[in-house]
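[1] Fold the following.
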Amino acid sequence: MDIGLSGKHVIITGASGGIGIETTKMFLAEGARVTGTYNHSMKALESLGKTWPDQLLIIKTDQTKESNVESLFRKANERFGRVDILVANAGIANHEGTAIQDMSLEQWKATLSVNLTGTFLCAKHFFVNLEKYKDDIASLILIGSTAGFFGEAWYSDYSASKAGMHGLMMSLKNEITHIATKGRVNLVNPGWTLTPMAEEALEDKEMVSKILQTIPMRKTATPQDIGSAILYFASDVLAGHVSGETINVAGGMEGRVLFTPGEIELSD
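    Below is the predicted model:
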């Protein structure tokens, strides 16, 4: 089935990460032209560049700096023209949980700077691009997390940054149609996913047990599961009348297990 992504130009931020690299690969396979960003290492993207040299542009970008984001869109426009789709995927998480009373202001600011302010800057310049290159169709896909819905103890900075994606989506879905009349904004919330970011936590058997107790399907997601939801929202064939919606890719997750049986004292 042709889902209408061939020839589309998509920017994927954080394209070198677990979800980002798989999503990049899936867009390229559909015939899209992709500008993929990385901040620390482009190694994961290099092999894709060799396979799809005419379809992939790789740009180092620190999305906390507006000058970097401006440069990203300028270079992307110069190479592939109008950016039709933005997948705002880049984000960070502190791998060692920190209680809020112990969390430094520097950690809080750093997480929100990348995850929320960085997403704002990318969305802003995506809209600038849409104003410059007029067309009725456009799609912005924000990448949140189930942590933004259910919360995540010891990761309040990450949870808060991802919770902000919903408000951003609900505002921008109304703004985008003033520039692109059929423009759409949607949100994908991954749950626990087999990526390098989650690898350390998923090596803890007790943690995995707690995770699977919340998921009816009793498994974690793969990056391709997340990529499939992103491609659905990006496609005007599949989701052309879908805007302001959220897909939780989490196997039916209903919440968090807070305590193990041994940590609970039952009263008589």
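[2] going forward, measure contacts between C-alpha atoms and count neighbours the same way
    Noted.
[3] Just confirm Leu142 is within a helix.
    No - Leu142: not assigned to a helix; according to DSSP: H, G, I helix; E, B strand; the rest coil it is strand.
[4] That one: neighbour count?
    25 (other Cα atoms under 10 Å).
[5] would you list every one of the helices in the stretch 51-200 of the chain?
    With DSSP state H, counting those that start in this stretch as the criterion, the stretch 51-200 of the chain has helices at 66-80, 105-112, 118-132, 147-150, 156-175, 196-202.
[6] What residues sit buried inside the shortest one?
    Within helix 147-150, the residues scored as buried using 16 or more other Cα atoms under 10 Å are 147-149.
[7] first vs last residue of stretch 247-257, how far apart are they?
    Stretch 247-257 has an end-to-end distance of 22 Å (Cα to Cα, to the nearest Å).
[8] Name the residues of it that are buried.
    For stretch 247-257, the neighbour count (16+ other Cα under 10 Å) marks 247-251, 253, 255-256 as buried.
[9] could I get those residues as CSV with pLDDT and distance to Gly191?
    As requested, those are exported to CSV (pLDDT from 0 to 100; distance: Cα to Cα, whole Å):
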residue, pLDDT, distance to Gly191
Ile247, 97, 10
Asn248, 95, 7
Val249, 95, 6
Ala250, 90, 4
Gly251, 89, 8
Met253, 87, 8
Gly255, 82, 11
Arg256, 82, 11
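[10] out of those residues, which one sits closest to Asn174?
    Closest approach between these and Asn174, by Cα to Cα: Ile247, at 18.7 Å.
[11] OK, contacts around that closest one?
    187-189, 229 (Cα atoms under 8 Å, 6 or more residues apart in numbering).
[12] From the residues you listed, pick the one nearest Gly49.
    Scanning the contacts of Ile247 for proximity to Gly49, where the rule is Cα to Cα, the winner is Ala229, at 23.5 Å.
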